[in-house]
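Engineer: My questions concern the predicted model and sequence given below.
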Amino acid sequence: MKIEGTHEVRASRERVYQALIDPAVLQRCIPGCEKLEKTGDNSYSATLRTGVGSIKGIFTGNVRLEDMTPPTHYRMAVDGKGQPGFLKGSGELDLEERDGVTLIRYSGEVQIGGTIAGVGQRMIQGAVKMTASQFFTAIEAEAKTEAHKPPPTHGFFRTALRWFSGWLRRTFRLTWL
Amino acid sequence: MIPSQFDYVAPTTLSEAVALLAQHADEAKILAGGHSLIPAMKLRLAMPQVLIDIGRIKDLAYIREEGSQIRIGAMTTHYQIESSDRLREICPLLPETAAQIGDVQVRNKGTIGGSLAHADPAADWPAAIIALGAEIVAVGANGERVIKADDFFVDMLTTALQPGEILREIRIAAASGRFGQAYLKVPQPASGFAVVGVAVSLTRSAAGGCESASIGVTGVASKAYRASGVENALAGSALDEPAIAAAAAHAADGVSINGDLYASDDYRRHLAQVYTRRAIEAAAARVK
């Protein structure tokens, strides 16, 4: 299946590029990413707990960044498998800057198999679009912070807040949290 | 085809169900008719740890009239709606849509509330609910709130329902004036889901022109949507053949179309335009 789209990010191209190749940022921004570990130069192993609505699955796989031409271009190769199926694909990312706005253009080809492809084929394109949009929105938040400032801590704060509200709820049965 | 292990609870009151949902949070799923959730669980695409069956709660399956408003309980089955003589009179779009859902088994067990809360991008109800400008009543720990159909569908399989909320009722204004309604769809031959589904509810003036038109489209994008471009082009028009054709051309304007193996983006756009035209023609012809 072909995947392509564009996303505008209100931040400089350098910042966006840096965010897109920083494993710590990627881990925070990829929806459901639980683990992203470096396994070599520009290659990582990842664990994703991701899905749409009630349909969820755990995937493990590898991500490799190639043809890196900062700050305009790189190529990403992904393969992964999980309980609901497997996927394999690669795509190109191109960054273009105009008046302080970076246009990210992505296009690629992905093969999806297993249960998810058998019964969920009609929803895959929508699910991919939804995930991509969540990812780039998170990247924008990261890239918007100034270079000299510490990176945004929403990952940590959100986790801490979630843990705290979960703890409160469990302890006091507070239902509005 | 065997689901992973889960706990099963069957509360007998809605407040009990809300409390259970709050207690189990993300791990729980509400079981209504089970005709989307159970297949997904059998394939292990969904693996909730707790199922909260709301089928034992009394008074969640009903079709009532409250003044000029129709109220439908969340657990009302597609078949109950399909076979309601009263609805055929005051809101024929509902039974017409229900009759085109899945197969007999699905219509006998599947519920309108379950279908809406699941928000399958190709489900039939969302198109009708948008065309009818319905309101959806959700109940949570903080009480009830009313969500407009236009705000209810957020994205694929995602609704405006908050994690602790249960869909309780659907409210629809009974049609008035010289109205006509229609739901037309292209069913996927294997699943019966809408490749494209178009619901139309319109009113005609005494002279025959279009007074108002409300159109919901499903199956085309990640969520069902209101075809505002078509509505605007139709309102005040003569509702004749050229006016309808010109309006229907806007059926997929500004929409990000999702293709699949069965129907490409371009084919879906084309189907949306053709079926919008036919649905408007059918609705206009039905005005008494």
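Structural biologist: That came in fine, so what should we check first?

Engineer: Give the buried residues for the strand or helix carrying residue B:266.
Structural biologist: Secondary-structure assignment from DSSP states H and E places residue B:266 in helix B:265-286. Judged by neighbour count using 16 or more other CB atoms under 10 Å in any protein chain shown, the buried positions of helix B:265-286 are B:268-269, B:271-284. (Glycine included, C-beta is placed from N, CA and C.)

Engineer: Go through those residues and say which is closest to residue B:241.
Structural biologist: Distances from residue B:241 to the buried residues of helix B:265-286, taken as CB to CB, are shortest for residue B:281 (7.9 Å).

Engineer: residues touching the closest one, list them.
Structural biologist: The neighbours of residue B:281, taking CB atoms under 8 Å, 6 or more residues apart in numbering or on different chains as the test, are B:241, B:244.

Engineer: That one and chain A, how far apart?
Structural biologist: Distance of residue B:281 to chain A, computed by CB to the nearest CB, to the nearest Å: 28 Å.

Engineer: tell me the contacts of the residue in chain A that chain B sits nearest to?
Structural biologist: Of chain A, the residue with the smallest distance to chain B, taken as CB to the nearest CB, is residue A:53 at 2.7 Å. Under the criterion of CB under 8 Å, 6+ apart, the neighbours of residue A:53 are B:118-119, B:156-158.

Engineer: JSON lines please, covering those and showing distance to residue A:107.
Structural biologist: Listed next are those as JSON lines, based on distance: CB to CB, whole Å:
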{"residue": "B:118", "distance to residue A:107": "31"}
{"residue": "B:119", "distance to residue A:107": "28"}
{"residue": "B:156", "distance to residue A:107": "21"}
{"residue": "B:157", "distance to residue A:107": "25"}
{"residue": "B:158", "distance to residue A:107": "25"}
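
Engineer: Tell me which of these fall in helices.
Structural biologist: Using DSSP state H to define helices, the subset of the contacts of residue A:53 located there is residue B:118.

Engineer: so who does the closest residue to residue B:13 other than its chain neighbours touch?
Structural biologist: Of all residues not flanking residue B:13 in the chain, residue B:57 sits nearest, at 6.3 Å (CB to CB, 6 or more residues apart in numbering or on different chains). By CB under 8 Å, 6+ apart, the residues touching residue B:57 are B:11-14, B:17, B:75.

Engineer: Tell me the most packed of those residues, by neighbour count.
Structural biologist: In terms of neighbours by other CB atoms under 10 Å in any protein chain shown, the contacts of residue B:57 top out with residue B:17 at 24 neighbours.

Engineer: Count the residues that sit near the closest residue to chain A within the stretch 101-250 of chain B.
Structural biologist: Going by CB to the nearest CB, chain A is nearest to residue B:157 of the stretch 101-250 of chain B, at 2.7 Å. Residue B:157 is surrounded by 23 other residues when neighbours are defined as other CB under 10 Å.

Engineer: what sits against it?
Structural biologist: Taking CB under 8 Å, 6+ apart as the definition of contact, the neighbours of residue B:157 are A:52-55, A:123, B:118-121.

Engineer: Need the per-residue pLDDT for it.
Structural biologist: Predicted confidence (pLDDT) at residue B:157: the value is 93.

Engineer: Likewise for the one 10 residues further on?
Structural biologist: Confidence per residue is given as pLDDT, and for residue B:167 that number is 98.

Engineer: Spell out which helix or strand contains it, please.
Structural biologist: Taking DSSP H and E as the criterion, residue B:167 maps to strand B:166-173.

Engineer: touching chain A at all, that strand?
Structural biologist: No - against chain A, strand B:166-173 shows no contacts by CB under 8 Å from any CB of the partner chain, the least distance being 12.9 Å.

Engineer: buried sites along that strand?
Structural biologist: Within strand B:166-173, the residues that count as buried by 16+ other CB under 10 Å are B:166-172.

Engineer: Among the contacts of residue A:53, which one has the most neighbours?
Structural biologist: Taking other CB under 10 Å to define a neighbour, the member of the contacts of residue A:53 with the most is residue B:119, carrying 26 neighbours.

Engineer: For that one, give me its contacts.
Structural biologist: Going by CB under 8 Å, 6+ apart, residue B:119 touches A:53, B:126, B:153-154, B:156-159, B:223.

Engineer: switch to 10 Å and redo it
Structural biologist: If you count contacts by CB atoms under 10 Å, 6 or more residues apart in numbering or on different chains, residue B:119 has them with A:52-54, B:36, B:125-126, B:152-161, B:222-224.

Engineer: how about the residue sitting nearest the centre point of chain A, what does it touch?
Structural biologist: Centrality entry for chain A: nearest residue to the mean C-alpha point is residue A:30, 2.3 Å, by CA atoms, centre = their mean. For residue A:30, the residues meeting the contact criterion (CB under 10 Å, 6+ apart) are A:36, A:46, A:48, A:50, A:63, A:131, A:134-135, A:138-139.

Engineer: my guess is residue B:160 contacts residue B:147, does it?
Structural biologist: Yes - contact criterion CB atoms under 10 Å: residue B:160 and residue B:147 qualify, at 5.1 Å.

Engineer: between the two, what contacts are shared?
Structural biologist: Each of B:136, B:138, B:153 lies in contact with both residue B:160 and residue B:147 under the rule CB under 10 Å, 6+ apart.

Engineer: quick one, strands of the chain?
Structural biologist: Chain wasn't specified; assuming chain A. When secondary structure is read from DSSP state E, chain A shows strands at A:2-9, A:33-40, A:43-52, A:55-69, A:73-82, A:85-98, A:101-113.

Engineer: actually it's chain B I care about, not the one you picked
Structural biologist: Residue ranges of the strands in chain B, as given by DSSP E, are B:7-9, B:28-31, B:50-53, B:63-66, B:69-73, B:135-140, B:143-148, B:153-155, B:158-159, B:166-173, B:179-187, B:194-204, B:210-218, B:225-226.

Engineer: What residues does chain A have near chain B?
Structural biologist: Those residues of chain A that sit near chain B, judged by CB under 10 Å from any CB of the partner chain, are A:1-2, A:5, A:51-58, A:83-85, A:115-130, A:133-134, A:166, A:169-170, A:173-177.

Engineer: Need the buried ones from the residues you listed selected in PyMOL.
Structural biologist: Buried residues within the residues of chain A next to chain B, as defined by 16+ other CB under 10 Å, are selected in PyMOL through the command that follows:
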select buried, chain A and resi 1+51+52+53+54+55+56+57+83+84+85+115+116+117+119+120+122+123+124+125+126+127+128+129+130+133+134+169+175+177
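
Engineer: State the pLDDT value of the closest residue to residue B:123 other than its chain neighbours.
Structural biologist: Computed as CB to CB, 6+ apart, the closest residue to residue B:123 that is not its neighbour in sequence is residue B:115, at 5.2 Å. Confidence at residue B:115, expressed as pLDDT, is 98.

Engineer: Equivalent analysis for residue B:4, please.
Structural biologist: Residue B:4 is given a pLDDT of 92.

Engineer: list the contacts for it?
Structural biologist: Taking CB under 10 Å, 6+ apart, we find residue B:4 in contact with A:83, B:41-42, B:44, B:46-49.

Engineer: gap between residue B:63 and chain A?
Structural biologist: Residue B:63 sits 27 Å away from chain A, going by CB to the nearest CB.

Engineer: Number of residues surrounding that residue?
Structural biologist: For residue B:63, the tally of surrounding residues (other CB under 10 Å) stands at 18.
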